[in-house]
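Participant: Build me a structure from this.
(2 chains)
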Amino acid sequence: MRWSNFFIPTLRDNPAEAESASHKLLIRAGLIRQLGAGIYSYLPLAQKILQKIELIVREEMNGIGGQEFYLPAINPREVWEESGRWDVMGDNMFRLQDRKGADLCLAMTHEEIFTSIARSELNSYKQLPQIWYQIQTKFRDEPRPKSGLLRVRQFTMKDSYSFDVDTAGLDIAFDAHKEAYRRIFSRCGLDFELVEASSGAMGGSASTEFMVKTDAGEDLIATCSNCDYAANVEKATSRIEPISDENGLDSPEEFATPNIRTIEQLVNFDGGADANRQIKTLLFLAKYDEEEKFVIALLRGDHQLQETKLQDALGANDIRPLQDEEIFSLLDAHAGSLGGVNAKEKAKANGKEVFIIGDAALKNRKNMTTGANKDGFHFRGVEVERDIAVDDWKDLRAVNAGENCPNCESGALEIDKSLEIGHIFKLGTKYSESMDATVLNENGKPVPLVMGSYGIGVERIMASVIEQNHDDDGIIWTKATAPFEVVVTVTNVKKAELLEAGEKIYDELKSKGFDVLLDDRNERAGVKFNDAELVGIPFRITIGKTADQGIFELTNRRTKETVDVKFDEIAGKIENSD
RNA sequence: CGGGGAUUAGCACAGCCUGGUAGUGUGCUCGGUUUGGGACCGAGAGGUCGCAGGUUCGAAUCCUGCAUCCCCGACCA
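Facilitator: Next up, the predicted model:
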């Protein structure tokens, strides 16, 4: 490929709208252009990189027995009705109608379609296991597209689905994917973590995310400094020092706390209590398919609620904090004076019911202080299990950096922003049951297919490589993701002998199988050097001053080191460097 | 959806407060000189000032509405 004929529209200035490193560089290095919010055109350079990444994905998926499909992106409503997700997906789903007025959608994922194929074509356990995958465009009407390619409304996903007759088979498919994903991301040169995660709207268990640590990410993950523990903060736990309580009063005692509304204020109040001796009381509305319920979540005063944990613990589709009026009409008090002690009675008197869930760290605690559900009053001497009708105990607490690792003796947790590039989970029979996809087992009895679902965001791999590999001069592609392995820079194309030497090296490298770009543009050397660095090609051969002696320069993009090489040494030097 | 910011030439910006018909840098085209780290001289092309309405003799500038984009919070690859 010759640069003079290859479309790489680099920009001198950073685009104003870009914030994250990958966003700026993707635009500036001429890889993408924006069409709308979360909608991007991929220019030839990006397309070339994405194809290289997809090739790696294909090789590894085929390596675990995956079979490549290509399913339609435009789906009729009916399939999505069957799984119940026509409604569940809400505004995130792009919907349209055909000329007859029939409802259609643009697929956000393909559990439904693959399951519908499995339902009609898989009849016997003898046909299992199956791993089906595709690399295809997904459409999601995200509430807030952002950060260039990191969160968009149209993107490429490798999605795969495993079908087995039992959970033992699912375990095998799941582990195979886990290992394949490890290899894919490693080959792309990414530094990544496997973390335990919440499965969210997809449903399922054993949810494992593949995360890349970067400030451009949207998730927080906790990792241990000492062992391999890693979890999304939505799931992460930590070991905390137990607190020993002295025996308190025989029953809670109400006391006046005028104008005290926060934990902090109560700590400093005369007759108050340390934050870890207080009970924090938070009110939520939990939404389920058919019903809604009021929920009181209790935590230690110095702890923060992790909302996803609460939602998962309740098994709710969604939760939201109660508003002030709602709180008052439920408990006759305002935020700041709320507590669990007489909450059920208060709610009942108001004709309502409330579910009380307590954080595990409150179990067995005595002599605590909490709101009295009466403005300006608190209770002291509260013994949690004696005085509060807690319906369920769960881990609800958000972990903090520096806390002890739950998995090893001496590690401390570190919390980092990170970006999700892959997600695997065990669906079980969620879709096969709702869509009635069964096979006959060895006993001739119909059993629902046991499924797994596995996704990789292809563009996110590309963007993550940039996030993790760039400097002030531009992108630094890893070996496997580089659009070209080497650029041959002819410093002055008007000097025929330099252009000739460059072409000779270019032909030689091409014949040896290198993906090489010849910079034959009629530009000054500095422009070409800067562009090569911005675009991020791992190696540059410079044809210049010493070319007449048969000596060229080989520059490593990452280290900026330059060595003199002779014609015959070039290929070997590139081959042996990393 | 809530909160904040922006919209003027391909890109980055000034002009707006205090109305008088648009400018800078870069990029682009042509000619010449240069040629190893984004050259120099000269000559050019390029803008319905996001859209619609209003105020005014006159609107990029003031007023109203709308649209789009970016950033911060609820989702996910």
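Participant: Not counting its own residues, what contacts the one helix or strand A:I279 maps to?
Facilitator: Assigned by DSSP states H and E, A:I279 belongs to strand A:279-287. If you take C-beta atoms under 8 Å, 6 or more residues apart in numbering as the criterion, strand A:279-287 is touched by A:263, A:292-301, A:303, A:305, A:310-311, A:314, A:316-322, A:326-327, A:330-331, A:335, A:338-340, A:355, A:362, A:368-371, A:382, A:384. Where you see a C-beta, it was placed from the backbone N, CA and C, and this is true even at glycine.
Participant: Give me the buried entries from those residues.
Facilitator: A:263, A:294-301, A:303, A:305, A:310-311, A:314, A:316, A:319, A:322, A:327, A:330-331, A:335, A:338-340, A:355, A:362, A:368-371, A:382, A:384 (16 or more other C-beta atoms under 10 Å).
Participant: out of these, which touch RNA strand B?
Facilitator: Among those, the ones lying close to RNA strand B by the criterion of C-beta under 7 Å from any atom of the strand are A:Q311.
Participant: Out of the buried ones among the contacts of strand A:279-287, list just those in strands.
Facilitator: Those of those mapping onto strands are A:294-300, A:319, A:355, A:368-371, A:382, per DSSP state E.
Participant: Quick check: phi and psi on A:I32?
Facilitator: Main-chain torsions, A:I32, degrees, to the nearest 10: phi -140, psi 160.
Participant: Mind giving me the packing neighbours of the lowest-mean-pLDDT helix or strand in chain A?
Facilitator: Ranking every helix and strand in chain A by mean pLDDT, DSSP states H and E puts strand A:318-321 at the bottom, with a mean of 84. Other helices and strands packing on strand A:318-321, by 3 or more C-beta pairs under 8 Å, 6 or more residues apart in numbering; DSSP states H and E, are strand A:279-287, helix A:307-314.
Participant: Going by proximity to RNA strand B, name the top residue of the stretch 301-450 of chain A.
Facilitator: Going by C-beta to the nearest atom of the strand, RNA strand B is nearest to A:H423 of the stretch 301-450 of chain A, at 3.8 Å.
Participant: swap in chain A?
Facilitator: Counting by C-beta to the nearest atom of the strand, chain A gets nearest RNA strand B through A:G544, at 1.8 Å.
Participant: Need the nearest residue in space to that residue, chain neighbours excluded.
Facilitator: Once flanking residues are discounted, A:G544 sits nearest to A:T491: 4.1 Å by C-beta to C-beta, 6 or more residues apart in numbering.
Participant: repeat for A:I184
Facilitator: A:I184 sits nearest to A:E60 (C-beta to C-beta, 6+ apart), 4.9 Å away.
Participant: And A:A480, how close does it get to A:E54?
Facilitator: Per C-beta to C-beta, to the nearest Å, A:A480 is found 12 Å from A:E54.
Participant: in the stretch 301-450 of chain A, which spans are helices?
Facilitator: According to DSSP state H, counting those that start in this stretch, the stretch 301-450 of chain A carries its helices in the segments A:307-314, A:324-331, A:343-349, A:384-387, A:430-434.
Participant: Tell me which of those helices approaches A:N75 most closely.
Facilitator: helix A:430-434 (14.3 Å; C-beta to C-beta).
Participant: So which residues of the stretch 51-200 of chain A form helices?
Facilitator: Ranges of helices in the stretch 51-200 of chain A, per DSSP H, counting those that start in this stretch, are A:77-83, A:85-88, A:111-121, A:167-187.
Participant: Return the member of these having the minimum mean pLDDT.
Facilitator: The weakest mean pLDDT among the helices of the stretch 51-200 of chain A belongs to helix A:85-88, with a mean of 90.
Participant: Can you tell me what sits against that one?
Facilitator: With contacts defined as C-beta under 8 Å, 6+ apart, helix A:85-88 is touched by A:R77, A:W80, A:M93, A:C105, A:E112, A:A201, A:N317.
Participant: Now do that helix: distance to the chain's middle.
Facilitator: Chain-centre distance of helix A:85-88: 22 Å, with C-alpha atoms, centre = their mean, to the nearest Å.
Participant: Likewise for stretch A:411-424?
Facilitator: Distance, stretch centre to chain centre, for stretch A:411-424: 9 Å (C-alpha atoms, centre = their mean).
Participant: now could you export just the CA positions of that stretch as PDB?
Facilitator: Only the C-alpha atoms of stretch A:411-424 are listed here, as PDB (Å, rounded to 0.1, in the frame of the first residue of the first chain):
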ATOM      1  CA  GLY A 411      -4.100  -8.300  50.400                       C
ATOM      2  CA  ALA A 412      -5.700  -4.900  50.200                       C
ATOM      3  CA  LEU A 413      -8.300  -3.900  47.600                       C
ATOM      4  CA  GLU A 414      -7.500  -1.400  44.900                       C
ATOM      5  CA  ILE A 415     -10.300   0.200  43.000                       C
ATOM      6  CA  ASP A 416      -9.900   1.200  39.300                       C
ATOM      7  CA  LYS A 417     -12.000   2.600  36.500                       C
ATOM      8  CA  SER A 418     -12.200   0.100  33.700                       C
ATOM      9  CA  LEU A 419     -13.900  -0.700  30.500                       C
ATOM     10  CA  GLU A 420     -15.800  -3.900  29.700                       C
ATOM     11  CA  ILE A 421     -14.500  -5.600  26.500                       C
ATOM     12  CA  GLY A 422     -16.100  -9.000  27.000                       C
ATOM     13  CA  HIS A 423     -18.700 -10.600  29.100                       C
ATOM     14  CA  ILE A 424     -19.600 -14.300  29.500                       C
END
